[in-house]
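Undergrad: here is my input, please return the structure:
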Amino acid sequence: MAGTGTDSRPNRVLNPVVRGKRYDPDGSPLQGARPRLGAVRHAARGPRCHTRRAAPGATPTAGRTDGGEDAVVPNSPATTEPAARGVADGPRAHAALLLLSAASGAADAFVFICVGQVFAGVMTGNLVLLGAAAAGSGEEGVALRVVTALVSYGCGVACGAVAGERTWWRLPVMLLAEVGLLTAGAALWAGGLIRSDADRLGLLLVMGLAMGIQGRVRATPTNYFTGTLTSLVGRLALGSWRPGDGWVAGRLLAVVAGAAAAALTVRLWPSSGAVAAAGLAAAALLVEAAGRRTVRA
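TA: Residues are numbered from 1 along each chain as shown. Below you'll find the model as predicted:
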């Protein structure tokens, strides 16, 4: 699949069938490779050469791939890696992603307003702030807060990676851990227990852990959106809008809505500033749990 452009989402599993139809519609390179394809035979020439055939030991991927179709590919680390298994598929999963995106916006807005000019989940922004602080700009003490956010987020990602490999119900377990951390942060803030700078660092640690875990919940990003916005605008400019892009745009709007909800809550009810993030993450957990019960029924 070389020569089809760069990808800003390294965990995405591209669909070779969809890419072949898009960039090699006649299948001319495949004809020379037919003797070397082994068990995977393409009996037809032209566009029909891209008809999917399952090779021995092949299994369908667990989620959507590039182009929105389920691919039949041999088992490999790419298809068993947690991020690859967690690609969103279906309205329920997309609804959960919307809620998680809103939770991310709410958590970042709360931390930025109440904890002190840093982010819980936007690590690109924190790296910029760290560079500015190293040059002597920015608020006093911001460097320590940025380092705390980076370390806590990294620890959350590591915990999510381990949970994704070693737990059976990885999505509910990871979401439950995130909800627990966000609820703890909201309780600490609402209870008036955050009084000193050290207390604020502790709260930032809790929120950063939660956002790091969320970053590993699914391959589809819900707390970093530069690549998402770049891909969406690029496809819009080229006129190659896809059916699932409405959900992508919805996630971007959900971030804005979550941040606005948290900021409004801080203004009207200051002690409840972190409740919005915890409530939205809990709603995502309920959507995922309800979907699992429906599948079992």
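Undergrad: go ahead and confirm His120 touches Ala106.
TA: No His there; residue 120 is Ala. No: judged on CB atoms under 8 Å, Ala120 makes no contact with Ala106 at a distance of 9.9 Å. Where C-beta positions appear, they are placed from N, C-alpha and C, glycine not excepted.
Undergrad: neighbour-wise, which of these two wins?
TA: Ala120 (34 against 31; other CB atoms under 10 Å).
Undergrad: quick one, phi/psi of the most centrally placed residue in the chain?
TA: Here the mean C-alpha position of the chain is nearest to the C-alpha of Pro221 (CA atoms, centre = their mean), at a distance of 2.2 Å. Here is the backbone geometry of Pro221 (degrees, to the nearest 10): phi -70, psi 140.
Undergrad: just the helices from the protein, written as ranges.
TA: Assigned by DSSP state H, the helices in the chain fall at 16-23, 28-33, 77-80, 82-85, 91-110, 123-134, 142-166, 170-190, 197-215, 226-238, 245-268, 275-296.
Undergrad: so can I have JSON lines of these showing distance to Gly116 and mean pLDDT?
TA: Listed next are these as JSON lines, based on distance: least, CB to CB, whole Å; pLDDT from 0 to 100:
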{"stretch": "helix 16-23", "distance to Gly116": "45", "mean pLDDT": "71"}
{"stretch": "helix 28-33", "distance to Gly116": "56", "mean pLDDT": "60"}
{"stretch": "helix 77-80", "distance to Gly116": "40", "mean pLDDT": "38"}
{"stretch": "helix 82-85", "distance to Gly116": "31", "mean pLDDT": "42"}
{"stretch": "helix 91-110", "distance to Gly116": "11", "mean pLDDT": "94"}
{"stretch": "helix 123-134", "distance to Gly116": "11", "mean pLDDT": "91"}
{"stretch": "helix 142-166", "distance to Gly116": "5", "mean pLDDT": "91"}
{"stretch": "helix 170-190", "distance to Gly116": "13", "mean pLDDT": "93"}
{"stretch": "helix 197-215", "distance to Gly116": "6", "mean pLDDT": "95"}
{"stretch": "helix 226-238", "distance to Gly116": "23", "mean pLDDT": "92"}
{"stretch": "helix 245-268", "distance to Gly116": "13", "mean pLDDT": "95"}
{"stretch": "helix 275-296", "distance to Gly116": "17", "mean pLDDT": "83"}
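Undergrad: just name the most buried of those.
TA: Among these, ranked by average contacts under mean count of other CB atoms under 10 Å, first place goes to helix 91-110 (a mean of 26).
Undergrad: hang on, the earlier thing: tell me who's in contact with the closest residue to the residue nearest to the centre of the chain other than its chain neighbours.
TA: Of all residues not flanking Pro221 in the chain, Thr228 sits nearest, at 5.9 Å (CB to CB, 6 or more residues apart in numbering). Each residue near Thr228 by CB atoms under 8 Å, 6 or more residues apart in numbering is listed here: Pro221, Val248, Arg251, Leu252.
Undergrad: swap in 10 Å and give it another go.
TA: Ser8, Arg9, Ser101, Thr220, Pro221, Thr222, Val248, Ala249, Arg251, Leu252, Val255 (CB atoms under 10 Å, 6 or more residues apart in numbering).
Undergrad: with Trp189 instead?
TA: Trp189 neighbours (CB under 10 Å, 6+ apart): 110, 114-115, 199-200, 203, 206-207, 266, 270-275.
Undergrad: let's see that with 8 Å instead.
TA: Cys114, Leu203, Ser271, Gly273, Ala274.
Undergrad: is Thr124 in contact with Asn223, as I believe?
TA: No: assessed by CB under 8 Å, Thr124 is found out of contact with Asn223, at 10.9 Å.
Undergrad: which members of the contacts of Trp189 are classed as buried?
TA: Buried residues within the contacts of Trp189, counting neighbours by 16 or more other CB atoms under 10 Å: Cys114, Leu203, Gly273, Ala274.
Undergrad: wait, the second one touches Leu188, no?
TA: Yes: using CB under 8 Å, Leu203 makes contact with Leu188 at a distance of 6.0 Å.
Undergrad: let's have the contacts of Thr228 in CSV, adding distance to Met211.
TA: Listed next are the contacts of Thr228 as CSV, based on distance: CB to CB, whole Å:
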residue, distance to Met211
Ser8, 19
Arg9, 18
Ser101, 12
Thr220, 15
Pro221, 12
Thr222, 9
Val248, 20
Ala249, 22
Arg251, 15
Leu252, 17
Val255, 12
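Undergrad: closest to Leu236 out of those residues?
TA: Ala249 (9.2 Å; CB to CB).
Undergrad: can you list residues touching both of Leu203 and Leu188?
TA: In contact with both Leu203 and Leu188: Ile194, using CB under 8 Å, 6+ apart.
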